[in-house]
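Asker: sequence and predicted structure below; questions after.
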Amino acid sequence: MAYWLMKSEPDEVSIDDLARAPRQTLAWTGVRNYQARNFMRDDFGVGDGVLFYHSSCPQPGVAGLAEVASRALADETQFDPDSPYFDAAAKRDVPRWVGVDVRLVRKTRLLPLTEMRAAPALATMRVLQRGNRLSITPVSRSEWDAVLRLLAGSATPP
């Protein structure tokens with residue numbers, strides 16, 4: 001099992017949108033960065049843990065826990081000329097972009113970026129590194145456990 005942090009702008013897709021979705025599952029589409037795409041395509045496994053992170057908002061941070069619910073499939077938005085994620089160079093027989101389904105595990109209190117930065121156990125977390133703009137980053141097991149402890153407000157994982 002692997003762990004990931006996946007960023008979403010809450011005005012586009014929020015943890016509440018995921019909670020309201022049928023089967024509390026949504027397609028994760030619109031990723032247009034090759035490294036993030038490669039994580040989904042090559043490294044994601046069904047059941048992997050996801051920190052659902054709200055970004056580009058007044059209070060960024062982890063808003064809930066989710067899991068990868070499908071293998072990587074072609075992101076249909078790349079073929080839709082009406083989509084902001086349309087890619088004219090993408091071909092159905094050789095898709096350029098992929099997505100996965102993500103299923104809610106539970107909504108949590110918001111764990112703000114400021115609280116994450118103050119936690120020594122998260123000092124190496126990629127989302128906290130200067131210049132990191134990736135929408136998907138790997139999370140180590142120790143970082144995952146530290147986030148769970150922070151969310152629980154305790155020194156031991158929930």
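Answerer: Looks like it arrived, so ask away.

Asker: please make it C-alpha for all contacts and neighbour counts, starting now.
Answerer: Will do.

Asker: okay, helices next: where are they in the protein?
Answerer: 15-20, 34-38, 113-117, 141-152 (DSSP state H).

Asker: and the first one, how far from the chain's centre?
Answerer: Chain-centre distance of helix 15-20: 14 Å, with C-alpha atoms, centre = their mean, to the nearest Å.

Asker: check which residues of it are buried.
Answerer: Buried residues in helix 15-20, defined by neighbour count with 16 or more other C-alpha atoms under 10 Å: 15, 18-19.

Asker: of the helices of the chain, which approaches R133 most closely?
Answerer: Among the helices of the chain, the nearest to R133 by C-alpha to C-alpha is helix 34-38 (10.2 Å).

Asker: just the CA coordinates of the closest one, formatted as PDB?
Answerer: Taking C-alpha atoms only, helix 34-38 is exported to PDB below (Å, rounded to 0.1, in the frame of the first residue of the first chain):
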ATOM      1  CA  TYR A  34       3.600  14.600 -16.600                       C
ATOM      2  CA  GLN A  35       5.100  13.700 -13.200                       C
ATOM      3  CA  ALA A  36       1.700  13.700 -11.500                       C
ATOM      4  CA  ARG A  37       0.300  11.700 -14.400                       C
ATOM      5  CA  ASN A  38       3.100   9.200 -14.100                       C
END
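
Asker: what are the buried residues along that helix?
Answerer: Those would be 36-37, for helix 34-38 by 16+ other C-alpha under 10 Å.

Asker: quick check on the residue of the chain most remote from its centre: phi, psi?
Answerer: Distance from the C-alpha centroid of the chain peaks at D93, with 26.7 Å (C-alpha atoms, centre = their mean). Torsion angles at D93 (phi, psi; degrees, to the nearest 10) stand at phi -80, psi -20.

Asker: do you know how far it is from F79?
Answerer: Separation of D93 from F79 (C-alpha to C-alpha, to the nearest Å): 11 Å.

Asker: low pLDDT regions in this protein?
Answerer: By pLDDT under 70, the weakly predicted segments of the chain are 154-158.

Asker: contacting residues around the strand ranked longest in the chain?
Answerer: Looking across the chain with DSSP state E, the single longest strand is strand 98-112. Strand 98-112 is touched from outside by 15-16, 18-19, 23-31, 37, 40-41, 59-75, 150-151, with contacts defined as C-alpha atoms under 8 Å, 6 or more residues apart in numbering.
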